[in-house]
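next one to model:
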Amino acid sequence: MWQELIATGFYLGRFKYAPGTIGTLLGIPLVYLLIHKWWLTLILGVGLYLLAVWSAGYMVELTKEKDPEEVVIDEVVGYFFAFLFVEPTLKSLLIGFVVFRVLDILKPYPIKLFEKLPKGHGVVADDVVAGVMSSFVLYFLFG
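Numbering: from 1, shown residues only. This is a model prediction of the structure:
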């Protein structure tokens with residue numbers, strides 16, 4: 001039960017349209033409240049990654065799908081990693097949202113490679129890579 005609640009972003013992932021985009025919106029207040037220093041972002045990000053892999057892995061087993069659409073914790077964690085090197089301001093939060101979603105949807109190289117990892121790691125790792133790539137774009141724009 002807890003795994004499903006976490007994996008679906010408190011059931012936001014059950015929205016019929018654009019659950020990944022809605023899930024990413026959950027990341028905005030999390031980023032704004034928790035990100036202050038790059039090293040803290042990294043430590044919290046690793047913890048969130050482990051929590052996301054655990055909960056997403058549960059949902060993979062439950063649904064028998066490789067990447068269940070209702071799982072949105074991966075978007076939350078990926079968006080979190082987009083702010084490794086940039087302070088969250090209104091402008092960077094909005095641009096980071098767009099950059100992350102574009103990378104997450106299009107999955108350019110090497111993002112797509114990470115989907116091949118097993119179970120929860122395959123669900124979450126590609127979003128983390130998209131987030132890290134987003135962080136470089138944001139650093140170029142705001143750093």
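
from now on I want contacts and neighbour counts done on CA atoms only, so please keep to that.
Noted.

counting contacts, what elements does the helix or strand Trp54 falls within pack onto?
Assigned by DSSP states H and E, Trp54 belongs to helix 38-63. In terms of contacts (3 or more CA pairs under 8 Å, 6 or more residues apart in numbering; DSSP states H and E), helix 38-63 is packed against helix 2-7, helix 73-81, helix 119-142.

and among those, the most buried is which?
By mean neighbour count, with neighbours taken as mean count of other CA atoms under 10 Å, helix 73-81 ranks first of the helices and strands packed on helix 38-63 at a mean of 31.

next, the angle helix 38-63 makes with it.
Relative orientation of helix 73-81 and helix 38-63, computed by axes from the mean of the first three to the mean of the last three CA atoms, to 10 degrees: 170 degrees.

Val60: what's it in contact with?
With contact taken as CA atoms under 8 Å, 6 or more residues apart in numbering, Val60 is in contact with Lys66, Asp67, Pro68, Lys119, Gly120.
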